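In: here is a sequence together with a model predicted from it:
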Amino acid sequence: MRRREVRLHCRLPRPAIHKDEIAAFVLDVLDRLELDGEVGVKFCSDPTMATYNRKYRGKSGPTDVLSFPDGSVDPEGLAYIGDIVIAVPVAARQAKEAGHPLSAELKILLLHGILHLAGYDHETDSGTMNRKERSLRKEWGL
């Protein structure tokens, strides 16, 4: 039996994150990548992301998205695929620069993060992840 779940966390007062739309998108990505399990998504501020970026990547300042693969399985057999953290202010700036809505930028970042959770790595895979990401972005019109 296929089971896919998404857990969203956002305490930022603005901008509004349309959680139902985001959850549906994450579930669609998991379906298209044939990934079963649960994904956690946290939307955070630049200072919070800067802390994660320094702690886990040794880099200063905020980045747009980080992925943390997990792979553990709960007693009911549901895999925890991992967590994605997105800095909403960075995403908002990138959306403005690209001339598209924040919702589109969040989906682009979620897709990127989920591909990392699926084991893709654009830094080492000779373009495999980039090709997959471009193809999926085209399907969603992103």
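Out: In hand now; what should we look at?

In: gap between Val26 and Gly58?
Out: 28 Å (CB to CB, to the nearest Å). Where C-beta positions appear, they are placed from N, C-alpha and C, glycine not excepted.

In: and Leu115, by the same measure?
Out: The value you get for Leu115 to Gly58, if CB to CB is used, is 22 Å.

In: the more surrounded of those two?
Out: Leu115 (21 against 7; other CB atoms under 10 Å).

In: and the more buried one, that one's in a helix?
Out: Yes: membership of Leu115 in a helix is supported by DSSP: H, G, I helix; E, B strand; the rest coil.

In: surely it and Glu133 touch.
Out: Yes: using CB atoms under 8 Å, Leu115 makes contact with Glu133 at a distance of 5.9 Å.

In: identify the residues contacting the host helix or strand of Lys42?
Out: Using DSSP states H and E, Lys42 maps to strand 37-44. The set of residues external to strand 37-44 that reach it, using CB atoms under 8 Å, 6 or more residues apart in numbering, is 3-10, 12, 17, 22, 26, 30, 52, 78-88, 106, 110, 113-114, 117.

In: same thing but 6 Å
Out: 5-10, 17, 26, 78-81, 83-88 (CB atoms under 6 Å, 6 or more residues apart in numbering).

In: how about stretch 56-66?
Out: 46, 49-50, 52-53, 85-87, 90-91, 109, 112-113.

In: about what we covered before: select only the buried ones of the contacts of strand 37-44 in ChimeraX?
Out: To isolate the buried ones among these in ChimeraX, judged by 16 or more other CB atoms under 10 Å, type:
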select :5,6,17,26,79,80,81,83,84,85,86,87,88
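
In: among the contacts of strand 37-44, which ones are in strands?
Out: 5-10, 79-81, 83-87 (DSSP state E).

In: quick check: Phe68 touching Ile84?
Out: No: counting by CB atoms under 6 Å, Phe68 sits too far from Ile84 to count as a contact (7.7 Å).

In: spit out the contact partners of Ala87.
Out: Listed by CB under 6 Å, 6+ apart, the contact set of Ala87 reads 44, 46, 49, 62, 64.

In: give me the subset of these lying in strands.
Out: Cys44.

In: kindly reformat the contacts of Ala87 as a markdown table containing pLDDT and neighbour count.
Out: What follows is these, written out as a markdown table (pLDDT from 0 to 100; neighbours: other CB atoms under 10 Å):
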| residue | pLDDT | neighbour count |
| --- | --- | --- |
| Cys44 | 93 | 22 |
| Asp46 | 93 | 16 |
| Met49 | 95 | 24 |
| Pro62 | 94 | 20 |
| Asp64 | 94 | 21 |
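
In: right, I'll call it a day here.
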